[in-house]
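S.K.: Here's a sequence, model it:
(2 chains)
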Amino acid sequence: MRVEAMAVKFPPVKGHPNRVDFEGVLTLVDAASDRAPAGARGHRVVLTRAAAEQALPSLLGMAVDYRPGWDGHDAKRKIGLITEADVVGRRLLVKGYLYGRDFPEATDEIRASAPESMGMSYELADAQVADMRDEVWKLTRATFTGAAILLRDKAAYRATSFRLAQSVA
Amino acid sequence: MDAIGVQESKGLVERLEAAATLLERTLGWLDDRQRELSGEVERISATVESTRREEELLAKLQEVERELSELRAAASAGNEFPKALQPLRRTMPSSTAEMLAKHGIGEGAVDVRTLDAALTGLSLEQRIAVKSQLRRAGAMA
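M.R.: Residues are numbered from 1 along each chain as shown, chains lettered A, B, ... in the order given. Coordinates of the predicted model:
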């Protein structure tokens, strides 16, 4: 079921050497994380659909970053941009591009990785938790400040994914 | 004001200052508590925050996986008695080893029928005990 979609339109540039299209599942909505995210004080979290939809505009134009070893976030290593976000069923899908020419090693590593091995992780600011005493925190409001590409088993949600498009935008 | 009055006033001022400090601390603690209960979280990243315990367990798991791969490699190489099992063998009591040796059972995998034949003179409990020892020593499946 398609619920909400948002996109920033960039003029297409055929054969742009520094744009490598990607798409991924950033997170799940209305589903508890498989493990406790960083900053959640050991609690697993649920990002509600309403909160995710409300926060979609904040996701556009935010960067994707990575950490060598692909095991977490490094906001100082921004290697791409999110241009589209969409809640489809329980998945929050994102699209955008990596700066393939600026970060050739990282792009090559992603290409060389097993198709199922890479995932994504969101970065939230000013999250509102319905009840801090709940075992699983219910996030009712948040602002996306970025995302990371990382190994799927390092993501709090195992069902995330990340893949590069075959062709250059 | 006489000397006693001055002394009393100083004591009172000191007590008031101490009380004010305590009040300030309590207000700070209440602020922190209120912030905690308000449900506002400044930053969350959906990446796993690995604890020290998890890292320890991961290191142990890697060690066990390494030993397992060594054992598999030794087994596939036809080595009857992998090196990693040798310390286990030494856990078998010498009396048991001697008793088995008398019946021709020594190093290497133990044949169950040979073992049963060797243990016929023992009571049920003793047979179970010997088999348990052999299992612990890794000489019997």
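S.K.: could you pull out the strands for the chain?
M.R.: I'll assume chain A. Assigned by DSSP state E, chain A shows strands spanning A:2-7, A:20-28, A:37-38, A:44-47, A:63-65, A:78-88, A:91-98, A:118-129, A:136-151, A:161-168.
S.K.: try chain B instead
M.R.: Listed from the start of the chain, chain B has strands (DSSP E) covering B:40-48.
S.K.: Spatially central residue for it, please.
M.R.: B:Leu57 (8.1 Å; CA atoms, centre = their mean).
S.K.: Tell me the residues on chain B that lie near chain A, please.
M.R.: With CB under 8 Å from any CB of the partner chain as the criterion, chain B meets chain A at residues B:36-37, B:39-49. The C-beta positions use only the backbone N, C-alpha and C, and glycine is treated the same way.
S.K.: May I see the PyMOL selection of the buried members of those residues?
M.R.: Written as a PyMOL command, the selection of buried residues from the residues of chain B next to chain A, which uses 16 or more other CB atoms under 10 Å in any protein chain shown, is:
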select buried, chain B and resi 39+41+44+45+46+47+48+49
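S.K.: re the thing from before, make TSV from the strands of chain A and add mean pLDDT to it.
M.R.: Formatted as TSV, the strands of chain A follow (pLDDT from 0 to 100):
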stretch	mean pLDDT
strand A:2-7	68
strand A:20-28	96
strand A:37-38	94
strand A:44-47	96
strand A:63-65	97
strand A:78-88	96
strand A:91-98	97
strand A:118-129	96
strand A:136-151	96
strand A:161-168	78
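S.K.: Tell me which of those strands sits nearest to B:Arg25.
M.R.: Closest to B:Arg25 of the strands of chain A is strand A:118-129 (CB to CB; 26.6 Å).
S.K.: Is there proximity between the closest one and chain B?
M.R.: Yes: contact of strand A:118-129 with chain B (CB under 8 Å from any CB) involves A:Ser121, A:Tyr122, A:Glu123, A:Leu124, A:Ala125, A:Asp126, A:Ala127, A:Gln128, A:Val129.
S.K.: Give the buried residues for that strand.
M.R.: Result for strand A:118-129 [16+ other CB under 10 Å]: buried residues A:Met118, A:Gly119, A:Met120, A:Ser121, A:Tyr122, A:Glu123, A:Leu124, A:Ala125, A:Ala127, A:Val129.
S.K.: Distance across stretch B:98-117, terminal residue to terminal residue?
M.R.: Start and end residues of stretch B:98-117 are separated by 16 Å (CA to CA, to the nearest Å).
S.K.: what about that stretch, distance to the chain center?
M.R.: In terms of CA atoms, centre = their mean, to the nearest Å, the centre of stretch B:98-117 is set 35 Å apart from its chain centre.
S.K.: One more: stretch A:23-42?
M.R.: 10 Å.
S.K.: Quick one: check that stretch for contact with chain B.
M.R.: Yes: using CB under 8 Å from any CB, stretch A:23-42 reaches chain B at A:Thr27, A:Ser33, A:Arg35, A:Ala36, A:Pro37, A:Ala38, A:Gly39, A:Ala40.
S.K.: Do you have the helices of chain B handy? List them.
M.R.: Secondary structure of chain B by DSSP state H: the helices cover B:3-38, B:52-76, B:86-89, B:94-102, B:112-118, B:124-136.
S.K.: Adding neighbour count as columns, could you present the residues of stretch A:23-42 next to chain B in TSV?
M.R.: Shown next, in TSV, are the residues of stretch A:23-42 next to chain B (neighbours: other CB atoms under 10 Å in any protein chain shown):
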residue	neighbour count
A:Thr27	30
A:Ser33	24
A:Arg35	21
A:Ala36	20
A:Pro37	30
A:Ala38	18
A:Gly39	19
A:Ala40	24
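S.K.: Please tell me how far the residue of chain A most remote from its centre sits from B:Ala74.
M.R.: The C-alpha centroid of chain A is most remote from A:Arg133, which lies 27.1 Å away (CA atoms, centre = their mean). According to CB to CB, to the nearest Å, A:Arg133 and B:Ala74 sit 53 Å apart.
S.K.: Then A:Met120?
M.R.: Distance, A:Met120 to B:Ala74, by CB to CB: 42 Å.
S.K.: cool, B:Met99 as well?
M.R.: 28 Å.
S.K.: for B:Ser9, same thing?
M.R.: B:Ser9 sits 87 Å away from B:Ala74, taking CB to CB as the criterion.
S.K.: Those two: which is more packed in?
M.R.: Between B:Ser9 and B:Ala74, B:Ala74 has the larger neighbour count (other CB atoms under 10 Å in any protein chain shown), namely 16 against 11.
S.K.: And that one, what's its pLDDT?
M.R.: Note for B:Ala74: predicted pLDDT of 81.
S.K.: pretty sure A:Gly72 contacts B:Ala46?
M.R.: No: between A:Gly72 and B:Ala46 there is no contact under CB atoms under 8 Å: 10.4 Å.
S.K.: That concludes my questions; thank you for your assistance.
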